[in-house]
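Enquirer: I'd like to go over a predicted model; first the sequence, then the structure.
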Amino acid sequence: MMQKDVYDPSIPDGQNSTIKNPISYDGTGEIGKRYIIPARQGRAVRLKKNQSILIYNTKGNQVCDFFALIDGAGSEFLSMEHTRTS
């Protein structure tokens, strides 16, 4: 018998406010501000040329599923899958 308070990723819990809590109206974050993203959620962030983002994982092993796009250039992208070595 499974405990109710144990998370099972195969069972949807119906709770994910990713779309309801954007970084900002246009996806541009405030420089120097720390954003906390709850587990099993995601956020889109816009960066300008020469800007960078730091991602910290304070719990667990998987930091993120990462995907980057160049605005207006759909054929240029980067993801975790594309950065793995063989």
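Expert: Noted; the coordinates are in hand.
Enquirer: quick one: secondary structure of Phe77?
Expert: When classified by DSSP: H, G, I helix; E, B strand; the rest coil, Phe77 comes out as strand.
Enquirer: can you give me the helices for this structure?
Expert: Here the chain has its helices, by DSSP state H, at 80-83.
Enquirer: so where is it shaky, pLDDT-wise?
Expert: 1-4, 15, 62-64, 82-83, 85-86 (pLDDT under 70).
Enquirer: just the strands in it please.
Expert: Counting by DSSP state E, the chain has strands at residues 67-70, 73-79.
Enquirer: Next, format those as a markdown table and append distance to Leu54 and mean neighbour count.
Expert: C-beta here means a position set from N, CA and C on the backbone, and glycine is covered the same way. Output for these, formatted as a markdown table (distance: least, Cβ to Cβ, whole Å; neighbours: other Cβ atoms under 10 Å):
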| stretch | distance to Leu54 | mean neighbour count |
| --- | --- | --- |
| strand 67-70 | 14 | 12 |
| strand 73-79 | 16 | 10 |
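Enquirer: measure Gly27 to Asp71 for me?
Expert: The gap separating Gly27 from Asp71 is 10 Å, by Cβ to Cβ, to the nearest Å.
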